[in-house]
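Undergrad: How does the following fold in three dimensions:
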Amino acid sequence: MNLPPPAADLLRQLADAMRPHVSPSTMLVGIHTGGVWIAEWLHQTLGLTSPPSSINASYHRDDHHLGGGRGGGRASRLPFDVEGAHVVIVDDVLYTGRTIRAAMNELFDYGRPGRIDLAVLVDRGGRELPIAATWCAATIQLPASQSLDLARSDDGQLEFRITEK
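TA: Numbers count the residues shown, from 1 in each chain. Next comes the predicted model:
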């Protein structure tokens, strides 16, 4: 198994990489659920003044027939004006690119951002769409038969788990 470094280390690396490129008004939008946990942590660590936001990309997924879209009935929460904003979509793992494409489609339902960046803890390769992270804390390779999932314990600690599909 090719586990990524501990999530706490990756969070610090991601915040350090992003810090010079974000302003207090930058909007972090976490994708349900792991991306929301990361965005909340980054929001506090980077001292952003924008409201915490989350997005559910399930409605825009193109792979429901393959089991894509795990967000359930959670509604997107974007308590800011998307029009012209600098938005950073935050997710735990970048894989095929389909979740990010769906998140961008959902975001455009709310307006036209001035700029969209992408921050992820781990890029595991396997892209099916031409999507790349602006900031990524780690890159690992996993076979398609394995899934990399971020879990949060009762005390709020994050850790990655690899499971067989």
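Undergrad: What mean pLDDT does the host helix or strand of Ser147 get?
TA: Using DSSP states H and E, Ser147 maps to strand 146-152. Taken as a whole, strand 146-152 has an average pLDDT of 94.
Undergrad: who are the neighbours in contact with the residue positioned nearest the centre of the chain?
TA: Closest to where the C-alpha atoms of the chain average out (Cα atoms, centre = their mean) is Asp91, at 1.1 Å. Counting by Cβ atoms under 8 Å, 6 or more residues apart in numbering, Asp91 touches 30-31, 34-35, 38, 99-100, 103, 118-120. C-betas here are computed from N, CA, C, even on glycine.
Undergrad: If we use 10 Å, what do you get?
TA: Taking Cβ atoms under 10 Å, 6 or more residues apart in numbering, we find Asp91 in contact with 29-32, 34-36, 38-39, 55, 57, 99-100, 103, 118-122, 133, 150.
Undergrad: Report the beta-bridge partner residues of it.
TA: Beta-bridge pairing of Asp91 under DSSP bridges involves Val120.
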